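J.: Just a sequence and a predicted model for now, questions to come.
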Amino acid sequence: MSLINRQWLINDRPRGRPILENDFRWTEGGVVGPGPGEALVRTRYLSFDPAQKGWMENLGGYMAPTEIGDVMRGSGVGEVISSNVPGLVPGDMVTGLLGWQDYATRSGRELTKVADDDLLTANLGVLGTTGMTAFFGLNKIGLPFVGDTLVVTGAGGATGSIAGQIGKLAGCRVIGVAGGERKCRWLVEELGFDEAIDYKAENLASRIAELAPGGIDVLWDNVGGSIFNELLGYIALHARVVVCGGISRYELGEMPAGPENYFNLVFKRARMEGLIVIDYMAEFAWARARLAAWIREGRLRYQEDVQEGLENAPKTLARLFTGENFGKQLLKVA
Ligand SMILES: NC(=O)c1ccc[n+]([C@@H]2O[C@H](COP(=O)([O-])OP(=O)(O)OC[C@H]3O[C@@H](n4cnc5c(N)ncnc54)[C@H](OP(=O)(O)O)[C@@H]3O)[C@@H](O)[C@H]2O)c1
């Protein structure tokens with residue numbers, strides 16, 4: 001039986017603007033069987049991450065560059081169809097950078113075997129990159145102490161919602177900043193955040209002054225821009241500022257000047273540090289086990305937003321930049 005591989009290729013670089021459908025090109029071709037040391041994997045679910053826009057633009061330099069005509073890079077979970085990799089047999093489920101396509105041929109070291117259980121898709125979110133980012137970024141850079149006030153921006157999203165909950169487990173008072181009443185209500189009523197601020201409807205400065213009168217001990221930032229600058233003005237003495245992302249910048253052409261309030265780092269003897277999650281890859285396994293245990297014990301919750309159909313991949317990526325996604329953005333491929 002000959003298999004058809006539907007693929008989205010990179011067609012343009014969305015620098016300084018939102019993603020457009022034309023940035024991708026649809027193609028259909030055949031499937032080549034796996035070579036020595038490789039497995040053929042059928043993609044089941046794809047993960048969507050704001051960084052993918054940066055990968056198309058070759059920003060950051062922490063990943064291999066992309067080329068126009070490449071299959072769009074993206075992580076996914078899939079089923080092994082045939083395998084020349086010791087330890088992988090047909091039917092096994094694996095994660096890896098499968099790309100926006102039905103079938104991917106990957107070497108054994110590019111794939112991680114995962115259990116085919118109720119947490120299968122969680123391997124792309126809370127047990128995958130976003131969960132690992134929250135876990136290591138908060139614990140190793142944010143250094144939360146019992147009683148600290150932790151403020152998380154982008155709190156309604158995949159990374160922010162987990163960072164805030166880990167902060168609660170560490171004994172912090174957690175305030176989330178998110179867009180819209182639905183996300184804010186979910187943070188407080190379902191995830192146990194102490195407070196949530198709707199940055200689209202409320203005055204962030206006056207709300208944070210009211211909710212964090214002693215200042216922000218740990219600031220977790222996913223968004224950058226004016227929200228981040230505003231919050232830098234409210235950090236406490238010896239605060240730790242974790243720069244995880246800056247999604248408000250990802251569609252800008254000209255970058256704005258740096259945050260005016262950065263000098264508060266001096267007045268407050270505070271520290272600001274960025275992270276790239278892949279630096280902690282060697283430690284992912286034990287962190288994953290800990291997060292999975294918290295999920296099973298009901299101490300950590302997660303939300304997935306599952307779109308359907310490979311043909312909708314470009315539209316699905318765009319949802320992250322409009323805030324339409326509610327939880328970890330996934331797409332069921334077939
Ligand atoms: N450093 C690392 O290693 C690493 C790893 C993973 C992710 N990240 C970063 O973490 C951040 C969150 O990623 P994620 O995968 O968890 O996505 P996500 O938070 O699930 O989705 C993105 C969210 O960003 C918010 N947003 C979009 N445009 C915005 C703007 N202009 N101002 C304020 N908020 C905006 C939207 O929420 P609202 O509805 O609240 O606006 C949207 O739902 C991104 O910046 C990403 O690059 C970094």
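T.: Cool, the structure landed. Quantities reported herein were computed from a predicted structural model and do not represent experimental measurements. Numbering: from 1, shown residues only.
J.: So is stretch 191-210 next to the ligand?
T.: No: using Cβ under 6 Å from any ligand atom, stretch 191-210 never reaches the ligand; the gap is at least 6.7 Å. C-beta: built from backbone N, CA, C; applies to glycine.
J.: cool, and stretch 68-88?
T.: No: for stretch 68-88 and the ligand, the contact criterion (Cβ under 6 Å from any ligand atom) is not met; the two come no nearer than 11.0 Å.
J.: can I get the CA coordinates of that stretch in PDB?
T.: The C-alpha trace of stretch 68-88 is given here as PDB (Å, rounded to 0.1, in the frame of the first residue of the first chain):
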ATOM      1  CA  ILE A  68      12.300  28.200   2.500                       C
ATOM      2  CA  GLY A  69      10.900  24.800   1.200                       C
ATOM      3  CA  ASP A  70      11.600  22.900   4.500                       C
ATOM      4  CA  VAL A  71       8.700  21.000   6.100                       C
ATOM      5  CA  MET A  72       7.400  23.400   8.800                       C
ATOM      6  CA  ARG A  73       9.200  22.500  12.000                       C
ATOM      7  CA  GLY A  74       7.000  21.500  14.900                       C
ATOM      8  CA  SER A  75       6.900  18.900  17.700                       C
ATOM      9  CA  GLY A  76       4.300  16.200  17.700                       C
ATOM     10  CA  VAL A  77       3.300  12.800  19.000                       C
ATOM     11  CA  GLY A  78       3.000   9.900  16.600                       C
ATOM     12  CA  GLU A  79       2.800   6.200  16.200                       C
ATOM     13  CA  VAL A  80       5.700   4.100  14.900                       C
ATOM     14  CA  ILE A  81       4.700   2.500  11.600                       C
ATOM     15  CA  SER A  82       8.000   0.700  10.900                       C
ATOM     16  CA  SER A  83      11.300   0.700  12.700                       C
ATOM     17  CA  ASN A  84      15.000   0.000  12.400                       C
ATOM     18  CA  VAL A  85      15.600   1.500  15.800                       C
ATOM     19  CA  PRO A  86      16.400  -1.000  18.700                       C
ATOM     20  CA  GLY A  87      13.700  -0.700  21.300                       C
ATOM     21  CA  LEU A  88      11.000   0.800  19.000                       C
END
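J.: measure the closest residue to Asp70 other than its chain neighbours to Asp23 for me?
T.: Nearest residue to Asp70 in three dimensions, chain neighbours excluded: Ile10, at 5.2 Å (Cβ to Cβ, 6 or more residues apart in numbering). Distance, Ile10 to Asp23, using Cβ to Cβ, to the nearest Å: 7 Å.
J.: returning to that earlier point: which residues are in contact with the residue nearest to Asp70?
T.: Asp23, Phe24, Arg25, Met56, Thr66, Glu67, Ile68, Gly69, Asp70, Val71, Met72 (Cβ atoms under 8 Å, 6 or more residues apart in numbering).
J.: So the third one: helix, strand or coil?
T.: It refers to Arg25. strand (DSSP: H, G, I helix; E, B strand; the rest coil).
J.: The closest residue to it other than its chain neighbours - how many residues pack around it?
T.: Computed as Cβ to Cβ, 6+ apart, the closest residue to Arg25 that is not its neighbour in sequence is Asn11, at 4.1 Å. When neighbours are counted by other Cβ atoms under 10 Å, Asn11 registers 17.
J.: Thanks a lot, catch you later.
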